[in-house]
Every structure is written in C-alpha cells, then in structure tokens.
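Student: Okay, here's the prediction I keep looking at, along with the sequence it came from:
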Amino acid sequence: MSKTETKPEMWQRLCHAALDALSDLNYMRDEYQDILDNLPENLLSSRYCAKLEEVCDLDIAGALDTITEASDIDLPLGFGRD
C-alpha cells in the first residue's frame, strides 16, 4: 500500500487483481477440461486423469462471484466520512 493509497482504493486494486488472476485460472481450468473431455478411454483410470479431474473440480466461478461481490461492496470511508 502506497502512502497515498486509501484503504478503499487498495481494496479495489486488490479486487481487480484477484479478478484478473481468477479469470486466467478459469481459462486454464477450461483448457484442462477440454483435455479431460477428450481423454482416451485407456487413460480414464490413470493418475493423469485424476489430476485433471482435481483441477476441473475447482470452484473458480464461485471465487469469481465472491470477488465480484467484494468489489461491489460499499466500503467504510472512516470516522465522520460515512
């Protein structure tokens, strides 16, 4: 946090960074889902498949919803300014 950045500004900056990171993760999760969806039958019970499923089962959309909610929150400004 810079000395000129307020807490609400920092909150918004961090929310935007988290949204960007989670959007990238969601894109990558979709890439792994495509791999999983096209996996040959002989690999469906492999450790590779289990790892793909672990990635694909992550609730990144839920995390995106939470960060969007956090970004939209009406933050306190401080004593006497609310």
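Tutor: Perfect, I can see it now.

Student: how near is the residue most central in space within the chain to Thr6?
Tutor: The C-alpha lying nearest the average C-alpha coordinate of the chain belongs to Leu22 (CA atoms, centre = their mean; 2.6 Å). From Leu22 over to Thr6 the distance is 24 Å, taken as CB to CB, to the nearest Å. Placement of C-beta: from N, CA and C, glycine included.

Student: Can you classify Leu58 by secondary structure?
Tutor: At Leu58, secondary structure determined by DSSP: H, G, I helix; E, B strand; the rest coil is coil.

Student: Name the nearest residue to it, sequence neighbours excluded.
Tutor: Arg29 (6.1 Å; CB to CB, 6 or more residues apart in numbering).

Student: in stretch 24-35, what counts as buried?
Tutor: Across stretch 24-35, burial judged by 16 or more other CB atoms under 10 Å covers 29, 32.
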